[in-house]
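K.L.:
can't give you the sequence, but here's the structure:
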């Protein structure tokens, strides 16, 4: 008898003595040294985004994965003077999706407009700082 329940963000599973006595059927897969995504970081050598990068914290999967990929891709490939300023619609769609799943994507601030604006402001400030650093 396996019982599973959610407590906050943690999942608790209860197993009986019989569950532990049954041999596991799990198969371990060895790391593939030729895996092109293994330890490549966020950007692959060819310039593509590595959606499997642990640095994304799983944002590329889940119910809003497509919206996240669209917004992040737009920002990554943006050539606007204020990087990402052409991606507002994609970020808005991602934000709207995330608001539908508050348990998966907790909002830091009750004022969603402010949170979204803070995110946009932070990205623009980071871009401006990067441009200043690169032009000196």
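P.N.:
Good, I have the coordinates. If you're wondering where the values come from, they're calculated on a predicted model, not measured in any experiment. Numbers count the residues shown, from 1 in each chain.
K.L.:
in this protein, which spans are strands?
P.N.:
For the chain, strands defined by DSSP state E occupy the ranges 3-7, 10-14.
K.L.:
Going by mean pLDDT, which of those comes out lowest?
P.N.:
Ranked by mean pLDDT, the strands of the chain end with strand 3-7 at the bottom, a mean of 47.
K.L.:
and the nearest residue to residue 98 once chain neighbours are set aside, how many neighbours?
P.N.:
Of all residues not flanking residue 98 in the chain, residue 105 sits nearest, at 3.8 Å (Cβ to Cβ, 6 or more residues apart in numbering). (C-beta placed from N, C-alpha, C; glycine too.) The local packing of residue 105 (other Cβ atoms under 10 Å) involves 17 other residues.
K.L.:
pull the helix or strand with minimum mean pLDDT from this protein.
P.N.:
strand 3-7 (a mean of 47; mean pLDDT, DSSP states H and E).
K.L.:
And the nearest residue to residue 53 once chain neighbours are set aside, how far from residue 80?
P.N.:
Distances taken as Cβ to Cβ, 6+ apart place residue 42 nearest to residue 53, at 4.9 Å, with adjacent residues excluded. According to Cβ to Cβ, to the nearest Å, residue 42 stands 20 Å off from residue 80.
K.L.:
any low-confidence regions in the protein?
P.N.:
1-20, 22-39, 109-136 (pLDDT under 70).
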